[in-house]
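> return a 3D structure for these sequence lines:
(2 chains)
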Amino acid sequence: MNGEKLASYLTQLPKVQNINVARERRVFAVIPVAELTETIQALKEYGMTNIGAITGLDLGDRFEVMYHLYNNDGVLLSLKVFIPREKPQIPTVTGVFPGVFMYERELIDLFGIMVEGIPHSRRYPLPEDWPEGEYPLRKDWKGLPNEKEVTVDGPN
Amino acid sequence: MAQIKVPFGPQHPALKEPESFNLFLKGERIIDAEVKLGYNHRGIEKACESRNFTQSIYLIERICGICSHSHSTAFAQAVEEIAGLEVPPRALYIRTIIAELERIHSHLLWLGVAGHEVGFDTLFMYSWRDREAVMDILALITGNRINYGMNTIGGVRRDINSDQVRQVLESLKLLTERTEYYIQVATGESTLRARLSKVGRLPKETALRLGAVGPTARASAIPRDIRKDDPYAAYDKIDFKVITDDRADVFGRTVVRVYELLESYKMIRILIENLPEGALTVKAPRKIPAGEAISRYEAPRGENIHYVRTNGTEVPERVKVRAPTLANLASIREMARGGYLADFPIIIAAIDPCFSCADRMIRITGDRSGELWNWEQLRNYSINWYRRQGINFD
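Alright, predicted model coming up:
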């Protein structure tokens, strides 16, 4: 299955928008968050082998979450969902691909995105004593409140 | 029999880097395993958002001491794709040569660690001695044993000359001979075979379900290799085999890695013979146009994914790195279940978790005099350095 073929399959799925074949084996598409689990389930049945990574992005007023799905022919599909900053919530996709729970844990710790239904595990990647409400990969995060900057010449 | 919880790590003699597991045991058998990671989280993705592309490539290279070239290549490829840069063929070939040299040193290092974990320290000493041959080549070509600094956005920073080629070919001869011996040891030595067989089982279906990558997946009969599936650099120009094995245990993972060494030697010979003439770089703009790209790279431990988004400035908007060990961690639990506690160290070692390793002697001399410092002088220097920062050890 190449990128073009995957793109034409995507057009048959409900509510898939902005399908873009960036190059031979790279496809991008956008879906509403309500369709996420069903779309990923459908893509699995169509032949996408697994999710290789999940990327979160802070766009200011909203977050973007990108699911990078690959197949055995080297095609990588990046499926994007947009969620509001006030209520950053996505469903877990561990029901479809159980190996992705660590990638979802990253979204929780680094962006403060709630992942509904994620199976229990210890937090990742931040330490157990990390303060509540501090999400380092948000663009407006400027470091922990009492943190001192350390340079090669020592603390300022 | 009651179930016992045994914490394993983050500091543990059998682990080379901090990671922590809770093992649930019934007698000697592992019933379940729970993993905690993040002790090495350094915030590199965030740090890239405040550095320009050239600075970022050096930072990215330092994600790992073993697969440093893997990370810098993956990142450079993504940025080059966004900027629409055509990297010259000679640069692509040199990148590929360094990539395979890196795989060789990583796999030889792994073989030693695996030998050590099962109490076969002769194998450890042999393979680490031979690894020096490839470390010397890397130092000869790049100037460094690790963190080679070969990549830049748009190409590579150093050429390979004919004298270096001669030395590489000579070392490859020695390495091939030694690796053939290791294949004999790995497949023929009955104690090693008995120790590794049926340990850390990962059936093909489980490996597929959990998204295992690299030699871990290939030893479970999954022919997954980005160099073949989604070729980058010069991999579409050369012929090589993807090594797989259907044993699906630690023994299979050993067999896959030693045979991959032979493939890498073959690939380097082909690359050197066909090394095209021409420029090493194309000029890259300081400001990269807005866009996004995903770069995939087959690192020694498996697939490395880098996602880069740019915004038209000289600083990336977002850099996302998924290293292979994270993809293989979900499999550890399955491999450990039902096994013995004593097998756990080799089960972890068999996915080849990435430990930062930099073992290069530095000659430390005093400020201006150039004299060699002894331990006492070095100690006083550090005490005084901290005292100036307001930290007093007295």
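> any stretches of chain A with poor pLDDT?
Residues of chain A that meet the criterion pLDDT under 70 lie in A:148-156.
> show me where it has its strands.
For chain A, strands defined by DSSP state E occupy the ranges A:17-23, A:26-30, A:50-58, A:62-70, A:76-84, A:89-91, A:114-116, A:150-151, A:154-155.
> mean neighbour count added to those strands, as TSV?
All C-beta atoms are positioned from the backbone trio N, CA, C, and that covers glycine. As requested, the strands of chain A are exported to TSV (neighbours: other C-beta atoms under 10 Å in any protein chain shown):
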stretch	mean neighbour count
strand A:17-23	13
strand A:26-30	20
strand A:50-58	24
strand A:62-70	21
strand A:76-84	20
strand A:89-91	18
strand A:114-116	14
strand A:150-151	8
strand A:154-155	11
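> now render those strands as CSV, adding distance to residue B:255.
Shown next, in CSV, are the strands of chain A (distance: least, C-beta to C-beta, whole Å):
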stretch, distance to residue B:255
strand A:17-23, 36
strand A:26-30, 34
strand A:50-58, 24
strand A:62-70, 26
strand A:76-84, 29
strand A:89-91, 41
strand A:114-116, 38
strand A:150-151, 47
strand A:154-155, 51
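> go ahead and confirm residue B:89 touches residue B:279.
No: in this structure residue B:89 lies outside contact range of residue B:279 using C-beta atoms under 8 Å: 9.2 Å.
> neighbour-wise, which of the two wins?
residue B:89 (16 against 13; other C-beta atoms under 10 Å in any protein chain shown).
> can you list the residues of the stretch 51-200 of chain B near chain A?
residue B:81 (C-beta under 8 Å from any C-beta of the partner chain).
> residue boundaries of the helices in the stretch 51-200 of chain B?
Applying DSSP state H, counting those that start in this stretch to the stretch 51-200 of chain B gives helices spanning B:53-61, B:68-83, B:89-117, B:121-142, B:162-188, B:190-196.
> how about the last one: buried residues?
Residues of helix B:190-196 classed as buried by neighbour count (16 or more other C-beta atoms under 10 Å in any protein chain shown): B:192, B:195, B:196.
> CSV for these, including distance to residue A:129 and pLDDT?
Putting these into CSV (distance: C-beta to C-beta, whole Å; pLDDT from 0 to 100) gives the following:
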residue, distance to residue A:129, pLDDT
B:192, 43, 93
B:195, 40, 94
B:196, 39, 95
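> which one of those is nearest chain A?
Proximity of these to chain A (C-beta to the nearest C-beta) peaks at residue B:196, which lies at 24.3 Å.
> how far away is the closest one from residue A:58?
46 Å (C-beta to C-beta, to the nearest Å).
> same check on residue B:138?
38 Å.
> quick one: contacts for residue B:153?
Shown in contact with residue B:153 (C-beta atoms under 8 Å, 6 or more residues apart in numbering or on different chains): B:53, B:54, B:57, B:76, B:79, B:80, B:83, B:85, B:284.
> what secondary structure does the nearest residue to it once chain neighbours are set aside sit in?
Nearest non-adjacent residue to residue B:153, counting by C-beta to C-beta, 6 or more residues apart in numbering or on different chains: residue B:284, 4.1 Å away. Under DSSP: H, G, I helix; E, B strand; the rest coil, residue B:284 falls in the coil class.
> what does residue B:284 show for phi and psi?
When read as degrees, to the nearest 10, the backbone of residue B:284 gives phi -100, psi 140.
> what about it, neighbour count?
Residue B:284: 19 neighbours (other C-beta under 10 Å).
> what about it, distance to residue B:91?
From residue B:284 across to residue B:91, the span is 12 Å (C-beta to C-beta).
> common neighbours of these two, please.
With C-beta under 8 Å, 6+ apart, residue B:284 and residue B:91 have common neighbours residue B:154.
> and chain B, what are its domains?
Domain ranges of chain B: B:44-350, B:363-394, per automatic domain parsing.
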